[in-house]
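# 3D, please:
(one chain, ligands or ions: 2)
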Amino acid sequence: MEPGPPGCSRPAEPGPRLRRLCGADQEASVALLSRARAEAELQRCVPAVAAVLPAGGSGERMGVPTPKQFCPILDRPLISYTLQALERVCWIKDIVVAVTRENMETMKGIIQRYQHQRISLVEAGVTRHRSIFSGLKALAQDQPDSQLSKPEVVIIHDAVRPFVEEDVLLKVVTAAKEHGAAGAIRPLVSTVICPSADGCLDQSLERARHRASEMPQAFLFDVIYEAYQQCSDYDLEFGTECLHLALKYCHIKAKLVEGSPDLWKVTYKRDLYAAESIIKERISQQICMVMDTKEDEELVGHRLEEMLKNEFSHVKVTSGALGHTGRDLQQIILEQCYNFVCVNVGAYEFEETQKLLDVLKESDLSILYPVVVISDEQKLQDSLRQGATIIATLIKERNSGLVGQLLVA
Ligand SMILES: Nc1ccn([C@@H]2O[C@H](COP(=O)(O)OP(=O)(O)OP(=O)(O)O)[C@@H](O)[C@H]2O)c(=O)n1
Ligand SMILES: O=C(CO)[C@H](O)[C@H](O)COP(=O)(O)O
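Numbers count the residues shown, from 1 in each chain. Ligands and ions are numbered 1, 2, ... in the order given. As a prediction, this is how the structure comes out:
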C-alpha cells in the first residue's frame, strides 16, 4: 500500500486517474459527493503543501523560438499538462509559477483558457535557481493581503516535466517531512565520464553507483528557503541541483526516491514528439459516447461499448446529455475526458448536438469531439461495426482536423 498523506493516519486515497476508473460505473451524484468528502478529509490531515514551478527558461537546446514550456502538444501548451498534473492533486494548496516578464501575458492567457486553479505567478530570474528563489520568496511573505501562505512542505518541479503522478509527489512530500529534503532519481542510461582539459578521458564513474537526479523534489520549506538565502551568487548562477543546496547550506541529506521513466525533462525537439506520443497513449485509453436518447443507449450504446472494450480501457456511455447538456457535461468535464463521440441513430436533428459541441469547444478540455451518425437503422449491426471502427480510428489517430466533424457510418 502507498504511504498515507504526511501527518495523516488514513491510507492515501487513490489518485484522480484511479478514482476516475473506479468510479466510472457509480451514480454520478454519489461519486461526486464521495469525492468531495474524500478530498475535504485529505485537505484536513495533510500538512500545508505548495509547489514552485520554474518556467522562466528560453529552451535554447530545443532550438525553436518559442520557449519549450509554451510549445503546443496536441494544440495545448506543454506547461498546461504539467499544471493539470499538479492540480489533480487536491492536497497541493498553491502552485507558484515563475515566468519571465515578457511571457507573463501568455501565461495568464493559458491559465484562463484552460481554467487552471490555485496558480500564482511570479517573475522568473535569469537562471533556474533564481526563478525558484523568486517562487519561494512569494510563499515566504505570509502577508495578510497575500493570497499565499507559507507551507510546511514545498514541492519543486520543472514546468517541462509534464508526466508527474500523485504517487511520486506523495512519496517525496512524505520523505521530505521526515528527512527535510527528498528527490526523485532514475538509473543512468549512459555512463558519466570526466574528460581532462586536453579532451581525453580522465575518469569514468561506475554507472551502477550513480543516479540521475530528476524532479519532483520536496523540502521542508524552512530548510530550502534558508539554503537559498545563504547560498552564493555562484550557486545561483551555475548550480543545477536544489538537493545540493539543502546539503551544503543546511546539512540536510535528502532522501532519494525511485521515480518513473516518464519523469524525464523535455529538453530537445525530439522530446516534444515523445511527450506527444505519451499523451496520445494516455488520453486514447478513454472515450465517452454520448447518445441522444436512453433507447439509443440501450440499443446501440452498449453494443458499441462491447465492440470498443477490446481497444480501450475505459469506455463510458451516457445518454440524454443532448437534452440536459448542462448537468451531464458538468459530470463529464469533472472526469476530464478528452474524447467525446456523439452518436445519433438515424436522427438528423443536430441542433442539440451542435449545442453540446459548442459547450465542449468552449470548455477547452476536450481534444476530440466528432459526431458519428449511425445512419441506416435497417442495417444496424453493420453500421455499428463500421461506427466502432471509425470511433476507434479517430481516437487512436487523433487527427485534429477531425475535431467537431460529422461522420456517417
Ligand atoms: N532562468 C530560468 C531557466 C530555466 N527555468 C526553468 O527551469 C526548468 C528546467 O530548465 P531547463 O530544462 O534547462 O530549461 P531551459 O533553461 O529553458 O532550457 P535550455 O537550458 O535548453 O535553454 C524549465 O522549466 C525552465 O523553464 C527557469 O525557470 N528560469
Ligand atoms: O534535474 C534537475 C535537478 O536535479 C534539474 O531539472 C536540472 O538540473 C535542470 O538543469 P538545467 O537547467 O541545466 O537543465
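# use CA for all of it now, contacts and neighbours both
Will do.
# quick one: secondary structure of K150?
Assigned state for K150: coil (three-state reduction, DSSP: H, G, I helix; E, B strand; the rest coil).
# need the per-residue pLDDT for it.
Residue-level confidence at K150 comes out at 94, pLDDT.
# A197 too?
For A197, the pLDDT comes out at 95.
# against E206, how distant is it?
A197 sits 21 Å away from E206, going by CA to CA, to the nearest Å.
# check W91 too.
Separation of W91 from E206 (CA to CA): 39 Å.
# and the residue of the stretch 251-400 of the chain nearest ligand 1?
Closest to ligand 1 within the stretch 251-400 of the chain is T267: 5.5 Å, counting by CA to the nearest ligand atom.
# the closest residue in space to that residue that isn't next to it in sequence - how many residues pack around it?
Of all residues not flanking T267 in the chain, M62 sits nearest, at 5.9 Å (CA to CA, 6 or more residues apart in numbering). Using other CA atoms under 10 Å, M62 has 17 other residues around it.
# could you do S58 as well?
S58 has 17 neighbours, counted by other CA under 10 Å.
# report the longest strand in this structure, please.
Identified as the longest strand of the chain according to DSSP state E is strand 211-220.
# ok, that strand near ligand 1 or not?
No: applying CA under 6 Å from any ligand atom, one finds strand 211-220 separated from ligand 1 by no less than 9.6 Å.
# which outside residues touch that strand?
For strand 211-220, the external contacting residues (CA atoms under 8 Å, 6 or more residues apart in numbering) are 152-158, 161, 164, 168-169, 172-173, 176-177, 180-188, 243, 259, 263-265.
# next helix or strand past it?
Counting by DSSP states H and E, the next helix or strand C-terminal to strand 211-220 is helix 221-230.
# any idea of the angle that next one forms with strand 211-220?
110 degrees (axes from the mean of the first three to the mean of the last three CA atoms, to 10 degrees).
# buried residues in helix 221-230?
Across helix 221-230, burial judged by 16 or more other CA atoms under 10 Å covers F221, D222, V223, I224, Y225, A227, Y228.
# residue numbers of this structure in contact with ligand 1?
Counting by CA under 6 Å from any ligand atom, the chain sits next to ligand 1 at 54-62, 98, 124-128, 131, 158-160, 267.
# ok, the residue nearest to T267 touching K269?
Yes: using CA atoms under 8 Å, M62 is in contact with K269, at 5.0 Å.
# check contacts around G259.
V168, A184, I185, R186, E214.
# check the burial of the last one by counting its neighbours.
So the one you mean is E214. Neighbour tally, E214, other CA under 10 Å: 22.
# next one: the one 3 residues further on
With neighbours defined by other CA under 10 Å, the count for Q217 comes to 30.
# state the distance from the closest residue to it other than its chain neighbours to L121.
Nearest non-adjacent residue to Q217, counting by CA to CA, 6+ apart: G183, 4.0 Å away. Separation of G183 from L121 (CA to CA): 24 Å.
# so if I had to pick from the two, which one is more boxed in?
The neighbour comparison of G183 against L121 (other CA under 10 Å) goes to G183, with 29 against 18.
# which SS state does the more buried one fall under?
Once three-state DSSP is applied, G183 turns out strand.
# and for D235?
Secondary structure, three-state DSSP: D235 is helix.
# neighbours of it, how many?
Residues near D235, counting by other CA under 10 Å, number 17.
# just to revisit the earlier point, pLDDT added to the contacts of G259, as TSV?
Listed next are the contacts of G259 as TSV, based on pLDDT from 0 to 100:
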residue	pLDDT
V168	97
A184	98
I185	98
R186	98
E214	98
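# buried ones in stretch 184-199?
Within stretch 184-199, the residues scored as buried using 16+ other CA under 10 Å are A184, I185, R186.
# show me what from this structure comes close to ligand 2.
With CA under 6 Å from any ligand atom as the criterion, the chain meets ligand 2 at residues R128, S213, E214, M215, T240, E241.
# any of those buried? List them.
Buried among the residues of the chain next to ligand 2 (16+ other CA under 10 Å): R128, S213, E214, M215.
# what's the domain layout of the chain?
47-279, 284-408 (automatic domain parsing).
# where does the stretch 51-200 of the chain have low pLDDT?
Within the stretch 51-200 of the chain, the segments meeting pLDDT under 70 span 142-145.
# mind listing the helices for it?
Remark: helices assigned in the stretch 51-200 of the chain by DSSP state H, counting those that start in this stretch are 78-87, 104-113, 128-140, 166-179.
# for the longest one, packing partners?
On a contact count with 3 or more CA pairs under 8 Å, 6 or more residues apart in numbering; DSSP states H and E, helix 166-179 meets strand 153-156, strand 181-187, strand 211-220, strand 255-258.
# got JSON lines for these, with distance to S313 too?
Compiled in JSON lines, these are given as follows (distance: least, CA to CA, whole Å):
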{"stretch": "strand 153-156", "distance to S313": "32"}
{"stretch": "strand 181-187", "distance to S313": "28"}
{"stretch": "strand 211-220", "distance to S313": "28"}
{"stretch": "strand 255-258", "distance to S313": "27"}
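# for the contacts of strand 211-220, which PyMOL command selects only the ones that are buried?
Of the contacts of strand 211-220, the buried ones go into a single PyMOL selection, burial set by 16+ other CA under 10 Å:
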select buried, resi 152+153+154+155+156+157+158+161+164+168+169+172+173+176+177+180+181+182+183+184+185+186+243+259+263+264+265
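# show the contacting residues for A184.
V168, V172, S213, E214, M215, P216, Q217, L256, V257, E258, G259.
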